[in-house]
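Q: this is a predicted model, with the sequence first.
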Amino acid sequence: MGNYLNIGNDGFAAMRKGTYVDKTGMISFMNGVLGTADKMVCVSRPRRFGKSFAAKMLCAYYDKSCDSRELFRGTEIEQDASFEKYLNHYNVIYLDITLFTSRAASIKDVVRDIDDAVRREIEESFPDAPKGSDLAETLANTARALGEKFIMIIDEWDAVFRESKNDITVQEKYIVFLRSLFKSSWTDMVFDAAYLTGILPIKKYGTQSSMTDFREYSMVQPAPLERYVGFTEKEVQEMCAGAGLAFEEVRRWYDGYVVGDDTHIYAPKSVMDAIQRRQIGNYWTGSETYEALKIYIDMDEDGLKEAIVHMLGGARVGIDTGTFQNDMTTITCRDDVLTLLIHLGYLAYDAGSRSVYIPNEEIREEFVRAVKRGKHAEVAKLIRNSDQLLESILDMDEEAVASAIEEAHKAGAAPTFYNNEQALRSVIRLAFISCVDEFLQIEELPSGHGYADVVFFPKKTSSLPLLLIELKWNRTEKGAIGQIRNRDYPQAVKDYGGEILLVGITYDAKSKKHTCRIEECRK
C-alpha cells in the first residue's frame, strides 16, 4: 500500500462503518466507459457534496492491492454484470491535490512536488521498468513494461487554481503538467480511465487550451450522473424516518438543487450533520464562512445587486452560463458571478428556464449574513427594513408599512419602469424578503371570483397570522381591501384555522406614494 499508488480501501471502509448512502451505481457508469473514448471523466461539485467519498469508493473498487469484495456486499454495484470483471483489477494512482498545496513550502513548488513524489513511488514499486524524465514519461514506460494500464483518480484537481488565483505562472505550470499526463498521443497506452473531481469544470480553465478529451459532469450539466450529485429525496426521506426528523423541515432547509430530469438533490454534508445530531440547523458555516460568498456578491458587476435582491425575495433570475471561463478570477459580467456561485453551491440552476435561485433556507441564511456585512449598504438596509415591516403589519401600523414599501421601491426598482401592478408586485417581493423566514409565499392563489395577488401562509412552526395581500395601481387602499372582500378571496383560505390579516397596498402615480390598509378578517 502506497501514498499515491494503490492506497487501498481504508477510506471506503471507514465510510461503510457509518451511516452510508449507496452511491456505488457510479462505478457501473465508470465501468461502462473504461477503455473507450469517454474514459476521461471530470465530475465537478461544490464542497460538502461528497466528491472525496466518491473518489475513495472508486479507489477501493479498482485497486488491485486489496480485496474489497466484502465492502461492496449488498450494494447496487454488486448486482451489476461488470462487478466481478473489474473488481480490484487495476493499479490505481490517487492524488489529493489539496494535500500537496498544504504541504508545499511554496505554491510555486507544488507541480514539482507532485511530479517528484509520484514518480519516485512508481519507480520504487516497479524497479524493472525504465525510468523517465518526468511523471508522464515514467508512467508511459511502466505501462509498456507491465503490459497493463493504470486508472488515475485526482481529487480536488482545481486546488492549485484556488490557492493561486492570481499567479498565472503557477497556473500555466499546472496546466502543462496535466496536459502532459493526459496527452492524447499516449493516453490510450497509459490509462484505461481518468477520474477528476473538483469544484470547477475544466473546459476553459487556465491560460492555455485545457484537456479537451475530458467529458464533464457539472452542477450545470450533470446528466447522466444527476443522482450521484448529492442525496436524492427518497434517500433523505429514509434517513429522516430512521432519525426521527421531520422530513418537511429537512426539505425546507437542505433541498432546492433540482438537476437533470427534475431530480431533487440535497447537500449531503448538511443532511448528515442534521441526522447525526438529530437537529436541523445551519451546518454550511461548519465548512464555509460567509466571507467566501461575500467576496463575489460585493462585486460591482452591472445588475448583480438587483439579481441578489430579487433572489432573496424568492424570485428566479435569468442567466447565460456560457460566458463563464471556469475560473475564480476572470469575472467580466453579472452572469459570470452567478455561474461561479452555482459551482460553489450557493445558487441552484434550472436548466429548463435557464435561471438561478437560492436553493434553500440554509443557503439563504448565508446570503443574508453576507449581504448584511457586505458593501451594498442599500441591500443590507432593505433586509433590516423588511424585518421591521413584518412587525408593523402585525401591529397594524399602516403608515409604517407604506413607508417600508417606499424604502423597498427606492432600493430595488428603477422609477422609469415603475408603471403597473406587475412592477408593484416586484417591489412587494423585495419589501417582504424577511417573510420568507416565517411564511410560505404563494402568488395569484385562485379564489371565488379571481386570484388573490399574494398570500403568505405561516409555516407550521410559526404562530403568526396568514397575510392576504391585494395590490392596486392608481386605486385607493380601501378599494384594494374592498376587492378582497367582494371577490371572496378569504374563501381561498377558508380551511385555515388561524388568524387572517387582509392587507391592501396601492401606489398613486401622481403623488408617487404608497398607501396601506390593514384589517382583520372575521370569519
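A: Thanks, I have it. Residues are numbered from 1 along each chain as shown.

Q: so who does the closest residue in space to Val250 that isn't next to it in sequence touch?
A: In this structure, Val250 finds its nearest non-sequential neighbour in Cys240, 5.4 Å apart by C-beta to C-beta, 6 or more residues apart in numbering. Just so you know, the C-beta spots here come from the backbone N, C-alpha and C atoms, and that holds for glycine as well. For Cys240, the contact set (C-beta atoms under 8 Å, 6 or more residues apart in numbering) comprises 246-247, 250, 275.

Q: need the CA coordinates for the host helix or strand of Val92. CSV is fine.
A: Val92 is part of strand 91-96 when elements are defined by DSSP states H and E. The C-alpha trace of strand 91-96 is given here as CSV (Å, rounded to 0.1, in the frame of the first residue of the first chain):
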residue,chain,number,x,y,z
ASN,A,91,-3.1,-0.2,-10.5
VAL,A,92,-4.7,3.0,-9.3
ILE,A,93,-2.9,6.3,-8.8
TYR,A,94,-4.7,8.6,-6.3
LEU,A,95,-3.7,12.2,-5.9
ASP,A,96,-5.3,14.6,-3.4
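
Q: list of residues touching the following helix or strand past that strand?
A: Moving toward the C-terminus from strand 91-96, the next helix or strand (DSSP H and E) is helix 97-103. The contact list for helix 97-103, computed with C-beta under 8 Å, 6+ apart, reads 107, 110, 113-114, 117, 154-160, 163.

Q: follow-up on the earlier one: so which bits of the strand holding Val92 are buried?
A: 91-96 (16 or more other C-beta atoms under 10 Å).

Q: same question for stretch 6-24.
A: By 16+ other C-beta under 10 Å, the buried positions in stretch 6-24 come out as 6-9, 11-12, 15-16, 21, 23-24.

Q: most widely separated two among those?
A: Distance extremes for the buried residues of stretch 6-24: the farthest pair is Asn6 and Val21 at 26.2 Å, using C-beta to C-beta.

Q: could the buried residues of strand 91-96 go into a markdown table alongside distance to Glu123?
A: Listed next are the buried residues of strand 91-96 as a markdown table, based on distance: C-beta to C-beta, whole Å:
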| residue | distance to Glu123 |
| --- | --- |
| Asn91 | 14 |
| Val92 | 17 |
| Ile93 | 13 |
| Tyr94 | 17 |
| Leu95 | 16 |
| Asp96 | 21 |
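
Q: helix, strand or coil for the nearest residue to Glu398 once chain neighbours are set aside?
A: In space, and not counting its chain neighbours, Glu398 is closest to Cys516: 4.5 Å by C-beta to C-beta, 6+ apart. Following DSSP: H, G, I helix; E, B strand; the rest coil, the label given to Cys516 is strand.

Q: next: Ile442.
A: strand.

Q: going along the chain, name the strands of the stretch 101-250 of the chain.
A: Secondary structure of the stretch 101-250 of the chain by DSSP state E, counting those that start in this stretch: the strands cover 150-155, 191-198, 215-217, 231-232.

Q: just to revisit the earlier point, from the contacts of Cys240, which is closest to Met30?
A: Taking those together and measuring to Met30 by C-beta to C-beta, the closest member is Ile275, at 27.7 Å.

Q: for the closest one, grab the count of nearby residues.
A: 19 (other C-beta atoms under 10 Å).

Q: surely it is in contact with Met239?
A: Yes - the criterion here is C-beta atoms under 8 Å, and Ile275 meets it with Met239 at 5.2 Å.

Q: related to what we said a few turns ago, could you redo the strands of the stretch 101-250 of the chain as JSON lines and give each row distance to Lys512 and mean neighbour count?
A: Converted to JSON lines, the strands of the stretch 101-250 of the chain look like this (distance: least, C-beta to C-beta, whole Å; neighbours: other C-beta atoms under 10 Å):
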{"stretch": "strand 150-155", "distance to Lys512": "58", "mean neighbour count": "23"}
{"stretch": "strand 191-198", "distance to Lys512": "51", "mean neighbour count": "24"}
{"stretch": "strand 215-217", "distance to Lys512": "51", "mean neighbour count": "17"}
{"stretch": "strand 231-232", "distance to Lys512": "50", "mean neighbour count": "22"}
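
Q: tell me which of those sits nearest to Ala509.
A: Across these, Ala509 has its closest neighbour in strand 231-232 (49.5 Å, C-beta to C-beta).

Q: elements contacting the closest one?
A: strand 263-266 (3 or more C-beta pairs under 8 Å, 6 or more residues apart in numbering; DSSP states H and E).

Q: please compute how far the strand it packs on lies from its chain's middle.
A: 11 Å (C-alpha atoms, centre = their mean, to the nearest Å).

Q: which element is encountered next along the chain beyond it?
A: Toward the C-terminus, strand 263-266 is succeeded by helix 268-277 as the next helix or strand (DSSP H and E).

Q: and that next one, what's buried?
A: For helix 268-277, using 16+ other C-beta under 10 Å, the buried residues are 268-275.

Q: avg pLDDT for that helix?
A: For helix 268-277, mean pLDDT rounds to 91.

Q: cool, and stretch 94-114?
A: 93.

Q: all numbers from here: first residue = 43
A: Shifting the count to begin at 43 puts that one at stretch 136-156.

Q: start and end of that stretch, how far apart?
A: 11 Å (C-alpha to C-alpha, to the nearest Å).

Q: how about stretch 428-447?
A: End-to-end for stretch 428-447, by C-alpha to C-alpha: 9 Å.

Q: distance from that stretch to the middle of the chain?
A: Worked out by C-alpha atoms, centre = their mean, stretch 428-447 lies 34 Å from the chain centre.

Q: pull the residues that contact it.
A: Counting by C-beta under 8 Å, 6+ apart, 427, 450, 469-470, 472-477, 480, 506-507, 509, 519, 543, 545, 547, 555-560 sit against stretch 428-447.

Q: what lines up beside the one helix or strand Leu544 maps to in the sheet?
A: Taking DSSP H and E as the definition, Leu544 sits inside strand 542-550. Neighbouring strands of strand 542-550 in its sheet, by DSSP bridges, are strand 508-515 (parallel), strand 555-562 (antiparallel).

Q: how about it: buried residues?
A: Judged by neighbour count (16+ other C-beta under 10 Å), strand 542-550 contains these buried residues: 542-549.

Q: so can I have CSV of those showing pLDDT?
A: Listed next are the buried residues of strand 542-550 as CSV, based on pLDDT from 0 to 100:
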residue, pLDDT
Ile542, 86
Leu543, 87
Leu544, 86
Val545, 87
Gly546, 86
Ile547, 85
Thr548, 84
Tyr549, 81
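
Q: now do the contacts for Gly345.
A: Here Gly345 is in contact with Arg376 (criterion: C-beta under 8 Å, 6+ apart).

Q: list the residues that contact the residue nearest the centre of the chain.
A: By C-alpha atoms, centre = their mean, the mean C-alpha position of the chain lies nearest to Gly387, the distance being 2.3 Å. Contacts for Gly387 were tallied using C-beta under 8 Å, 6+ apart; they are 87-91, 261, 299, 309, 405.

Q: ranking the residues you listed by neighbours, who comes first?
A: Going by other C-beta under 10 Å, Ala309 tops these with 28 neighbours.
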